[in-house]
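Engineer: Build me a structure from this.
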Amino acid sequence: MKHLSLEALRSFSAVIELGSMTLAGERMGRSQPAISLQLKKLEQQLGVELLTRQGSGFALTADGDVLFDYAQRMLALNDQAWAQFEPQQVSGKVRLGITSEFASSLLPKVLGQFAQVYPQVTLQVTSALSKDLLSGLGQQFDIILALREQTNKSDVLIQREELVWVGSPALVEQASLPLVVAPEGCIYRRRAEQSLQRIHQPYRITYTNTDFSGLTAALHSSLGITVLARSTVPDSVSVIDALANGKKLPAPGSVNVIMRLAGGASSAASQLADYLKARI
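Structural biologist: Modelled structure (predicted):
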């Protein structure tokens, strides 16, 4: 009887979700060559091509898209089965503080899967800027998922995120670049402004909003361009890397995605923290 490796399927899913075999390897605790080998074995086993190169990342083939759907369902069932036979059912309320871009683009599916696996856990999710989550506001949460430029001893590093410029390519033709940003204190805003100031590129703030959905709407309306973590870029928004004169836009660098777990956290909070670390 033929079997698909759940570990290989989890690696395959991680590559798609993160767009990188290196990042997938960091999530899975394996090397990049090991992840690549797992994917090749999957393709050989199924006799189809699953991925194609697309820029610096990967895109699913038609067959890969079909397998990705199966993989998500099989992994969710696996996790549910394990949870069902745990010696003690996890229950309680968990207060999660998270930046809005991750709440909007990465976590709905992950939190939905967690809710299915642990139906006795009540999730209370609040979105805010990283600076607010990591300040006094953070005392209201059991878990915080935020962005930091530098980590400290209380942070659990989840991954490093490449930052990219996004928006309508037509907007880079303007002499003074229009920017849509979050309020002062946002890492993305600071990196965007510092990058443009470094090359003496004129810019102006045309729209400000704390909410990721509001910024996404502004991008769709061509109100300006902005900087985002690559993994949070909406499918309908273009990544741009050059000005109208062909001059490269300065790279905004990368940031750390970190997690903080409150001291004396409940078993439900600890379980969610482990679940997020394994899947983000």
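Engineer: residue boundaries of the strands in this protein?
Structural biologist: Taking DSSP state E, the strands of the chain run over residues 51-54, 57-60, 92-98, 121-127, 143-148, 156-166, 177-181, 203-208, 226-229, 239-240, 254-261.
Engineer: now the fourth one against strand 143-148, angle please.
Structural biologist: Taking axes from the mean of the first three to the mean of the last three C-alpha atoms, to 10 degrees, one finds that strand 121-127 is oriented at 30 degrees with respect to strand 143-148.
Engineer: Can you mark which positions in the one helix or strand in the chain whose mean pLDDT sits lowest are buried?
Structural biologist: Least confident helix or strand, the chain: strand 57-60 with a mean of 77, by mean pLDDT, DSSP states H and E. By neighbour count with 16 or more other C-beta atoms under 10 Å, strand 57-60 contains the buried residues 57-58, 60. C-beta coordinates here come from the backbone N, C-alpha and C atoms, glycine included.
Engineer: ok, so of those, who is nearest residue 224?
Structural biologist: Of all those, residue 224 sits closest to residue 57, with 24.5 Å by C-beta to C-beta.
Engineer: how close does the nearest residue in space to residue 166 that is not next to it in sequence sit to residue 245?
Structural biologist: Distance criterion C-beta to C-beta, 6 or more residues apart in numbering; nearest residue to residue 166, sequence neighbours excluded, is residue 237 at 5.0 Å. Going from residue 237 to residue 245 by C-beta to C-beta, to the nearest Å gives 23 Å.
Engineer: so how far is the longest helix along the chain off the chain centroid?
Structural biologist: Looking across the chain with DSSP state H, the single longest helix is helix 62-84. Chain-centre distance of helix 62-84: 19 Å, with C-alpha atoms, centre = their mean, to the nearest Å.
Engineer: for it, packing partners?
Structural biologist: Other helices and strands packing on helix 62-84, by 3 or more C-beta pairs under 8 Å, 6 or more residues apart in numbering; DSSP states H and E, are helix 6-18, helix 32-46, helix 107-117.
Engineer: what is the orientation angle of that helix with helix 6-18?
Structural biologist: Going by the same axes, to 10 degrees, helix 62-84 makes 120 degrees with helix 6-18.
Engineer: ok, residue 143 - contacts?
Structural biologist: By C-beta atoms under 8 Å, 6 or more residues apart in numbering, the contact list for residue 143 reads 94-97, 259-262, 265, 269, 272-273, 276.
Engineer: between these, which is closest to residue 33?
Structural biologist: residue 276 (26.4 Å).
Engineer: what's the closest one in contact with, if anything?
Structural biologist: Here residue 276 is in contact with 107, 110, 143, 145, 158, 259 (criterion: C-beta under 8 Å, 6+ apart).
Engineer: quick one: which of these is most hemmed in?
Structural biologist: residue 145 (26 neighbours; other C-beta atoms under 10 Å).
Engineer: Excluding covalently adjacent residues, which one is nearest to that residue?
Structural biologist: Using C-beta to C-beta, 6+ apart and skipping residues adjacent in sequence, the residue nearest residue 145 is residue 98, 4.5 Å away.
Engineer: quick one: contacts for the one you found?
Structural biologist: 107, 125-127, 133, 144-146.
Engineer: again with residue 32
Structural biologist: Contacts of residue 32 by C-beta under 8 Å, 6+ apart are 21-22, 25.
Engineer: Show me which of those are buried.
Structural biologist: 21, 25.
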